[in-house]
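**Student:** Could you work out the structure for the sequence below:
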Amino acid sequence: MTDTTLSVDTQPQSEAPVDPRTIVARWLERAERLLGLPGTEAGDDLFTPDSWWRDRLAFSWDLRSLGGPDTITKFLDANRDGAGLERLVPCPTHPATLVEGPAGRVWIEGTFELETRVARGRGVVRLVSTEGEWKAWTLLTSVTELKGHEETNGVRRPKGVHHGSHRSQTNWRDRRNEEIDVAGGEPQVVILGAGQGGLTLAARLTQLGVSNVLLERNGRVGDSWRNRYRSLVLHDPVWANHLPYLPFPPTWPVFTPRDKMADWLKTYADVMELNVWTSTEFVSGSRDDDGRWTIRARRADGTIRNLRPAHFVIATGTSSLPWSPTVPGEELFGGEVLHSSRVDDSIDAAGKRVVVVGASNSAHDIAHDLVEQGAEVTMVQRSRTYVMSSEHGLAVQLSGVYEEGGPDTEDADLLASSYPLPVLFQLQLEGATPEINRRDADLLDALERAGFRTHQEGISVQELFHRRGGGYYLNVGASEAIIEGRIAVRQGVEIDHFTPDGVVYTDGSAQDADIVIYATGFRNMRETARQLLGDDVADACVPVWGVDDEGELSGVWRRSGYDSLWFMAGNLNLIRPNSLLLALQIKAIEEGIAPRTSNDG
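**Tutor:** Numbering: from 1, shown residues only. Have a look, this model is predicted:
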């Protein structure tokens, strides 16, 4: 990928003093002409040599990151005519500003509104001075609505009642029962999983007039949260976690407990009038010759329903298919072996010897919870873990974006998504990461003395999250338990084999145990597709999550590689904006605006 290192002057010599609003307006005028005019060399004229353009549906019906002027020029040549750019203007309510970033970086940051032949959207540009000109270092262009297919909210909200004289005796409840039942059997979209990902996507689709139904195997919406370990709490603060259309009330706590989140998801499904089939098992699914799917689902009463959607979305999350190693001798072990996904309120660990294999968020939370119950806990840390405190880590990571008194949620989402991931990773290493490590120095040093190995250089929590979905812990108390010796640590080893009384590690040492918990993560969501739909479908899909060759997240919120199969996943502050992008893609396909198959256009 293109190197993101950048050295700039504060301003070109020809511009004195710097007027960010004027500079952004002038650049947008040039960009409107060059990005929309065939035959122009917009790459070198508009962008720095180390530039990045993140396009989200505005110029192509995909989520793309383009690094460098040559790549940008090729992208434009392939997509300019189809996009039909019509308008780029500064956002009147968000004036451009001069920003002093980490490592001496200086840039002008401006937001703007955009319009293409079929869509409207927003964007963010960061301009830097290079050889007397202001050029784009980063550019985001993102669609927010389709012309003629706007969401039915605000001034477009439904009336909710039919005034006047009519013979129908049906009321709102009757109509809702019919909608939920999907009597015709042909919703445009079937979504598997009614967790936060499935619910937010369903809400977006409903606002766009795309019929959908959610299949949820649990008895209640929110049970995927209720059934986890009792100490589970959202590690991100409330300002980052609002659901679309229905933000948390101002009385909501900063960090949301497990059961409170579960109840909120149930409330959300009811208030947003989402069609959720609970206690429903997926039986089988296949895409037929006519391009529609046949999805067979077993309802709570045992009946089988056949659904014929145009699109099928797997929204079971990145934590739906547990993975744990196969270790010799497990059948000889006299105790209990669990994966972290099965640890819930029923576990009785008081007075027992517990080995927790893993050292990321879930492992820490479970170990801490069991210690507080009176268990004797050993954590097996196989490799280093990035640790940051909740107090300092969140204060630095989310400063100026997701915080009390910060931008409203839509603006915060725009700013957060405006950094191409390679740029984000670089800026984190230059600014946020060393600052967090400095503030957490006492904590990190104490962990090292306790035998727990931490990452302190060369990696950021953002990169670990996007590349691996793990390898880090946001400390909410377990680190102190490790430092105090209440949670023992075995570092740099793994379980070699089980014995009737416990485990033997790869260094030859033995340990007695009553319970072994694997907090070793989950299989790729592509393997969920394999389990549900078979090898042919899964083999056609790209991996889900992780950073692809362009610098975008792979396989999620975008075409999967298998036509009309989509994956929906992510934490709350990612699914909120990206549920809209996925819903817009499906709506555009259904309206004939975007190609139905990945080989079209």
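**Student:** Low-confidence ranges, the stretch 351-500 of the chain, go.
**Tutor:** 456 (pLDDT under 70).
**Student:** Can you show me the strands along it?
**Tutor:** 353-357, 376-381, 386-389, 472-475, 487-491, 495-499 (DSSP state E, counting those that start in this stretch).
**Student:** Just put these in CSV and tack on distance to residue 183 and mean neighbour count.
**Tutor:** Any C-beta I mention is one placed from the backbone N, CA and C, and that applies to glycine too. Output for the strands of the stretch 351-500 of the chain, formatted as CSV (distance: least, CB to CB, whole Å; neighbours: other CB atoms under 10 Å):
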stretch, distance to residue 183, mean neighbour count
strand 353-357, 49, 24
strand 376-381, 52, 23
strand 386-389, 51, 24
strand 472-475, 46, 24
strand 487-491, 54, 20
strand 495-499, 53, 18
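**Student:** As JSON lines, these with distance to residue 194 would be great.
**Tutor:** Below are the strands of the stretch 351-500 of the chain laid out as JSON lines (distance: least, CB to CB, whole Å):
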{"stretch": "strand 353-357", "distance to residue 194": "30"}
{"stretch": "strand 376-381", "distance to residue 194": "33"}
{"stretch": "strand 386-389", "distance to residue 194": "32"}
{"stretch": "strand 472-475", "distance to residue 194": "26"}
{"stretch": "strand 487-491", "distance to residue 194": "35"}
{"stretch": "strand 495-499", "distance to residue 194": "36"}
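**Student:** Nearest to residue 86, out of the ones you listed?
**Tutor:** Closest approach to residue 86 among the strands of the stretch 351-500 of the chain (CB to CB): strand 472-475, 43.1 Å.
**Student:** hmm, back to that, among the strands of the stretch 351-500 of the chain, which is nearest residue 259?
**Tutor:** strand 472-475 (20.2 Å).
**Student:** Just checking: what are the partner strands of that closest one?
**Tutor:** Next to strand 472-475 in the sheet, as set by DSSP bridges, lie strand 386-389 (parallel).
**Student:** With only the CA atoms kept, save the strand it pairs with in PDB.
**Tutor:** Presented in PDB, the C-alpha positions along strand 386-389 are these (Å, rounded to 0.1, in the frame of the first residue of the first chain):
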ATOM      1  CA  TYR A 386      -2.600  -4.600  23.900                       C
ATOM      2  CA  VAL A 387      -4.000  -3.200  27.100                       C
ATOM      3  CA  MET A 388      -5.300   0.300  27.700                       C
ATOM      4  CA  SER A 389      -7.400   1.700  30.600                       C
END
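**Student:** Spit out the contact partners of the residue nearest the centre of the chain.
**Tutor:** Note on the chain: the residue nearest the mean C-alpha position is residue 570, at 3.0 Å, using CA atoms, centre = their mean. Residue 570 sits next to 197, 318, 556, 557, 578 when contact means CB atoms under 8 Å, 6 or more residues apart in numbering.
**Student:** nearest residue to the second one other than its sequence neighbours?
**Tutor:** The spatial neighbour of residue 318 that comes closest, neighbours along the chain excluded (CB to CB, 6 or more residues apart in numbering), is residue 569 at 4.8 Å.
**Student:** pLDDT score for that neighbour?
**Tutor:** Per-residue confidence (pLDDT) for residue 569: 95.
**Student:** thought it was touching residue 197?
**Tutor:** Yes. Applying CB atoms under 8 Å, one finds residue 569 in contact with residue 197, separated by 5.5 Å.
**Student:** Show me what the helix of greatest length in the chain packs onto, helices and strands only.
**Tutor:** Scanning the chain for the helix with the most residues, using DSSP state H, yields helix 572-590. Packed against helix 572-590 by the contact rule (3 or more CB pairs under 8 Å, 6 or more residues apart in numbering; DSSP states H and E) you find strand 133-146, helix 196-207, strand 311-314, helix 409-417.
**Student:** Make TSV from these and add mean neighbour count and distance to residue 36 to it.
**Tutor:** Shown next, in TSV, are the helices and strands packed on helix 572-590 (neighbours: other CB atoms under 10 Å; distance: least, CB to CB, whole Å):
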stretch	mean neighbour count	distance to residue 36
strand 133-146	22	12
helix 196-207	27	28
strand 311-314	26	31
helix 409-417	19	22
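**Student:** could I get the ones you listed as a markdown table with distance to residue 176?
**Tutor:** What follows is the helices and strands packed on helix 572-590, written out as a markdown table (distance: least, CB to CB, whole Å):
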| stretch | distance to residue 176 |
| --- | --- |
| strand 133-146 | 26 |
| helix 196-207 | 12 |
| strand 311-314 | 22 |
| helix 409-417 | 28 |
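**Student:** To residue 471, which of these lies closest?
**Tutor:** helix 409-417 (20.9 Å).
**Student:** Just the CA coordinates for that closest one, please, in CSV.
**Tutor:** In CSV, the C-alpha atoms belonging to helix 409-417 read as follows (Å, rounded to 0.1, in the frame of the first residue of the first chain):
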residue,chain,number,x,y,z
THR,A,409,-24.1,11.2,15.9
GLU,A,410,-24.3,11.6,12.2
ASP,A,411,-21.5,14.1,12.1
ALA,A,412,-19.4,11.9,14.4
ASP,A,413,-19.9,8.9,12.1
LEU,A,414,-18.9,11.0,9.1
LEU,A,415,-15.7,12.1,10.7
ALA,A,416,-14.9,8.6,12.0
SER,A,417,-15.4,6.9,8.6
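**Student:** which other helices and strands contact it?
**Tutor:** Helix 409-417 sits against strand 119-130, strand 133-146, helix 572-590, with contacts defined as 3+ CB pairs under 8 Å, 6+ apart.
**Student:** Setting the sequence-adjacent residues aside, check what's closest to residue 69.
**Tutor:** Per CB to CB, 6+ apart, closest to residue 69 is residue 43, 3.3 Å.
**Student:** Give me the phi and psi for the one you found.
**Tutor:** Reported as degrees, to the nearest 10, the phi and psi values for residue 43 are phi -60, psi -60.
**Student:** Is it correct that it is in contact with residue 67?
**Tutor:** No. Contact criterion CB under 8 Å: residue 43 and residue 67 do not qualify, at 11.2 Å.
**Student:** Which helix or which strand is home to residue 221?
**Tutor:** When elements are assigned from DSSP states H and E, residue 221 belongs to no helix and no strand.
**Student:** Next, work out how far apart it and residue 228 are.
**Tutor:** Between residue 221 and residue 228 the distance, using CB to CB, to the nearest Å, works out to 15 Å.
**Student:** Likewise for residue 333?
**Tutor:** Remark: distance between residue 333 and residue 228 (CB to CB) = 24 Å.
**Student:** Likewise for residue 145?
**Tutor:** With distances taken as CB to CB, residue 145 is found 36 Å from residue 228.
**Student:** So residue 297 belongs to a strand, correct?
**Tutor:** Yes. According to DSSP: H, G, I helix; E, B strand; the rest coil, residue 297 belongs to a strand.
**Student:** Is it bridged to anything, and to what?
**Tutor:** Listed beta-bridge partners, residue 297: residue 282, residue 305 (assigned using DSSP bridges).
**Student:** Tell me, how many residues neighbour it?
**Tutor:** Residue 297 is flanked by 21 other residues according to other CB atoms under 10 Å.
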